[in-house]
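Participant: Okay, sequence plus prediction incoming.
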Amino acid sequence: MKVTKAQAQANRARVVETAATLFRERGYDGVGVADLMAAAGLTHGGFYKNFGSKTDLIAESAACGIAQNAAVSAGADIPEFVRSYLSREHRDGRATGCTIAALSGDAARQPETVRAAFAAGIESLLATLTPAPASPDAAGADADATRIRHLAILAQAVGAVVISRACPDDAPLADEILAVCRDRILAALTTPSTENAPVYEPDA
């Protein structure tokens with residue numbers, strides 16, 4: 001039976017969403033095309049009708065996964081985000097958790113298209129965490145300082161989850177890493193430590 005255009009699009013979306021979950025859980029090298037298509041409930045042969053290569057799917061699934069994460073974080077203030085992100089539930093929920101924490105190490109060894117998807121995703125997550133200024137006058141230096149603070153928080157939170165997951169699940173250190181970083185970030189949020197922070201300017 002001929003597959004309709006709408007069904008083909010739905011099948012493709014299901015593959016991307018399935019890949020986003022399985023890659024987070026097992027890593028890019030831990031999931032083969034055959035296993036991925038079986039998990040999506042589709043035949044192996046259908047893969048190359050939709051994707052030029054596994055790398056193409058990796059890039060698209062990364063964008064999908066990070067968009068899912070950003071949607072979950074939308075509307076949360078920074079303390080709320082930090083408490084949720086640096087929780088045991090998130091640490092243990094690799095398959096449904098943050099794509100950046102689960103796959104940044106893998107992405108660093110992937111082609112530029114995949115790394116570009118991660119860079120764009122990180123920017124989108126930062127935008128989600130940073131509300132738009134109330135007025136144009138509120139932009140500028142204040143916006144730069146806010147971006148610096150939120151980027152530092154995100155980097156510390158991601159790093160904490162990564163090294164906590166590297167420890168055995170029942171290791172006290174796994175929980176200690178999360179607790180120490182969570183408490184330090186939340187404490188720093190109560191101090192105006194970035195008011196005079198230097199603004200990062202990339203080399204020309």
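Facilitator: Received, thanks. Numbering: from 1, shown residues only.
Participant: In the helix or strand Ala38 falls within, which residues are buried?
Facilitator: Taking DSSP states H and E as the criterion, Ala38 maps to helix 33-39. Neighbour counts over helix 33-39 (16 or more other Cβ atoms under 10 Å) mark 33, 36-37 as buried. C-betas here are computed from N, CA, C, even on glycine.
Participant: So which other helices or strands are in contact with it?
Facilitator: helix 5-26, helix 47-50 (3 or more Cβ pairs under 8 Å, 6 or more residues apart in numbering; DSSP states H and E).
Participant: what about Ala108, how many neighbours?
Facilitator: Ala108 is flanked by 10 other residues according to other Cβ atoms under 10 Å.
Participant: Ok, Leu178 next?
Facilitator: Quick note: Leu178 (other Cβ under 10 Å) scores 21 neighbours.
Participant: Run a quick check on it versus Val161, I expect a contact.
Facilitator: Yes: with contact defined as Cβ atoms under 8 Å, Leu178 and Val161 form a contacting pair (7.5 Å).
Participant: Report the set of residues contacting both of these two.
Facilitator: 86, 91 (Cβ atoms under 8 Å, 6 or more residues apart in numbering).
Participant: quick one on the thing from earlier: which residues does the helix holding Ala38 contact?
Facilitator: So helix 33-39 is in contact with 15, 18-19, 22, 43-44, 46-47, 54, 57, going by Cβ under 8 Å, 6+ apart.
Participant: just stretch 48-60 next, same as before
Facilitator: 8, 11-12, 15-16, 19, 23, 28, 33, 36, 47, 110-111, 113-114, 116-117.
Participant: Can you tell me the closest non-neighbouring residue to Ala63?
Facilitator: Closest residue to Ala63 apart from its sequence neighbours, by Cβ to Cβ, 6 or more residues apart in numbering: Ala117 at 4.9 Å.
Participant: what's the helix or strand for that neighbour?
Facilitator: Judged by DSSP H and E, Ala117 forms part of helix 112-129.
Participant: Show me what secondary structure element comes after that helix.
Facilitator: Criterion used, DSSP H and E; the element after helix 112-129 is helix 141-165.
Participant: and the angle for that following helix with helix 112-129?
Facilitator: 120 degrees (axes from the mean of the first three to the mean of the last three Cα atoms, to 10 degrees).
Participant: now for the helix or strand following helix 141-165, which elements pack on it?
Facilitator: Using DSSP H and E, the helix or strand that follows helix 141-165 in sequence is helix 172-189. Other elements packing on helix 172-189 under the criterion 3+ Cβ pairs under 8 Å, 6+ apart are helix 78-85, helix 88-92, helix 141-165.
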